[in-house]
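J.: structure for this input, please:
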Amino acid sequence: MANFLVVDDDDSRLILSIMLEEYQKIQLIELRDADAQLIRETIDNNDDIVAIFTELRMSKMSGFELFDQVKDYGIPVFAFTIHIDLIDKALSYGFTDILEKPIEERDFDAIIASLDLA
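T.: Numbers count the residues shown, from 1 in each chain. Reported below is the predicted structural model:
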């Protein structure tokens, strides 16, 4: 079983859960508006996290701050946002890819394929 860590301050988990219904080898671990310590502890306690998804703008910690905290783990970090003005900055910052909200199923399917979870 592969786990996706989802960090957001709203209900993105529901959107991703619906898209993941067909992928039986993937589970979501949701952290709502988490701080850096909780995020690192979650990764340290779950060896099977294969991808991290985060909103770029959150109330406690931005997606950019989250990226700085997890980049040394070597786990692909995907950002999603409704803030189009942040997309270029996020790509140059080092995120694996960016998804615009609302997340399109075909874009999410492409990310799943790129992770080669077979």
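
J.: what element comes up after the one helix or strand in the chain whose mean pLDDT sits lowest heading to the C-terminus?
T.: Within the chain, confidence by mean pLDDT, DSSP states H and E is lowest for helix 12-20 among all helices and strands, at a mean of 64. Using DSSP states H and E, the helix or strand that follows helix 12-20 in sequence is strand 26-32.

J.: so for that following strand, mean pLDDT?
T.: Across strand 26-32, pLDDT averages out at 86.

J.: restricting to C-alpha, output it in CSV.
T.: What follows is strand 26-32, C-alpha atoms only, in CSV (Å, rounded to 0.1, in the frame of the first residue of the first chain):
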residue,chain,number,x,y,z
ILE,A,26,-3.2,4.2,-2.5
GLN,A,27,-4.4,5.6,0.8
LEU,A,28,-4.5,9.2,2.0
ILE,A,29,-3.0,10.6,5.2
GLU,A,30,-4.6,14.0,5.8
LEU,A,31,-3.0,16.7,8.0
ARG,A,32,-5.2,19.7,8.3
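
J.: direction included, what does that strand pair against?
T.: strand 2-8 (parallel) (DSSP bridges).

J.: now the helices for the chain?
T.: Along the chain, the segments classed as helices by DSSP state H run 12-20, 36-44, 63-70, 87-93, 105-115.

J.: what helices and strands are in contact with the second one?
T.: Counting contacts by 3 or more C-beta pairs under 8 Å, 6 or more residues apart in numbering; DSSP states H and E, helix 36-44 is packed against strand 2-8, strand 26-32, strand 49-55, helix 63-70. The way it works is simple: take the backbone N, C-alpha and C, and place the C-beta from them, glycine included.
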